[in-house]
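Q: The amino acid sequence is not available; the structure is as follows:
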């Protein structure tokens with residue numbers, strides 16, 4: 001399996017986490033478990049480098065088992081939460097733990113030459129930048145909230161965020177449930193869990209992500225991944241993709 005990832009440029013940083021490419025150039029199928037990480041994706045599927053389809057995923061609150069057939073490829077754009085409203089202009093709540101097929105001509109993804117990934121990423125970055133620059137009413141409370149969530153990795157109480165952005169917990173949760181399909185607290189738990197993957201990969205089975213104790217840590221990790229920290233750390237056959245791609249540093 002070949003995996004490539006490139007961070008977004010500074011213009012897109014607030015909305016796009018990265019672009020990625022996965023190529024199963026073997027003669028065997030690959031089995032992976034995708035863990036909740038607090039992002040959503042546009043994924044383009046190929047069969048032997050020939051375009052097949054494009055999907056938009058929602059957020060995930062549980063693990064997802066995926067199978068990549070021989071000689072199949074995937075290209076993905078991983079989005080941060082603000083992209084739902086300010087790029088796609090739609091709620092992704094109905095897509096919680098699921099996905100939907102997009103038109104083949106969406107952003108002309110069916111016509112790009114994905115053998116030239118860097119050029120494709122530059123062209124897609126321009127398309128996404130145009131979407132961001134369209135005149136829209138931007139709510140700075142939301143952008144400040146997303147910034148704080150990223151900075152704290154969810155390691156704060158709901159009241160901490162409400163006090164910082166001057167937005168009531170009731171209003172925030174209404175917005176989160178309507179737009180993303182889950183509460184702010186649930187989202188915080190997911191990104192805190194995801195932030196623990198680096199520690200878990202290093203064999204540190206009690207993360208420094210502000211869990212009460214080891215029992216609480218184990219319970220929360222298993223709740224969102226369906227696996228214990230020890231099982232994730234062992235990562236048999238590199239099954240857990242997000243942990244496999246973390247640099248060994």
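A: Arrived safely. For clarity, every value in this text was computed on a predicted model and none was experimentally measured. Residues are numbered from 1 along each chain as shown.

Q: The helix or strand bottoming out on mean pLDDT in the chain: which residues count as buried?
A: Least confident element among the helices and strands of the chain, by mean pLDDT, DSSP states H and E: helix 117-133 (a mean of 89). Residues of helix 117-133 classed as buried by neighbour count (16 or more other C-beta atoms under 10 Å): 117, 120, 121, 124, 125, 128, 132. Every residue, glycine included, has its C-beta placed from N, CA and C.

Q: and those residues as JSON lines, adding distance to residue 111?
A: Formatted as JSON lines, the buried residues of helix 117-133 follow (distance: C-beta to C-beta, whole Å):
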{"residue": "117", "distance to residue 111": "15"}
{"residue": "120", "distance to residue 111": "10"}
{"residue": "121", "distance to residue 111": "15"}
{"residue": "124", "distance to residue 111": "12"}
{"residue": "125", "distance to residue 111": "17"}
{"residue": "128", "distance to residue 111": "16"}
{"residue": "132", "distance to residue 111": "22"}
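
Q: tell me which of these is nearest to residue 77?
A: residue 124 (6.8 Å; C-beta to C-beta).

Q: surely that closest one meets residue 77?
A: Yes. Applying C-beta atoms under 8 Å, one finds residue 124 in contact with residue 77, separated by 6.8 Å.

Q: shared neighbours of these two, anything?
A: Common contact partners of residue 124 and residue 77 (C-beta atoms under 8 Å, 6 or more residues apart in numbering): residue 19.

Q: residue ranges with poor pLDDT in the chain?
A: Where the chain drops to pLDDT under 70, the residues are 116, 135, 208-209, 249.

Q: show me where it has strands.
A: Counting by DSSP state E, the chain has strands at residues 2-7, 16-24, 30-34, 40-47, 50-57, 64-68, 72-79, 99-102.

Q: give the contact list for the residue nearest the centre of the chain.
A: Note on the chain: the residue nearest the mean C-alpha position is residue 39, at 2.4 Å, using C-alpha atoms, centre = their mean. For residue 39, the contact set (C-beta under 8 Å, 6+ apart) comprises 17, 59, 78, 79, 80.

Q: what's the closest non-adjacent residue to the fourth one?
A: Excluding the flanking residues, the one nearest residue 79 by C-beta to C-beta, 6 or more residues apart in numbering is residue 40, at 5.4 Å.

Q: Help me confirm that the one you found comes into contact with residue 82.
A: No. Look at residue 40 against residue 82 with C-beta under 8 Å: they stay out of range, at 11.3 Å.
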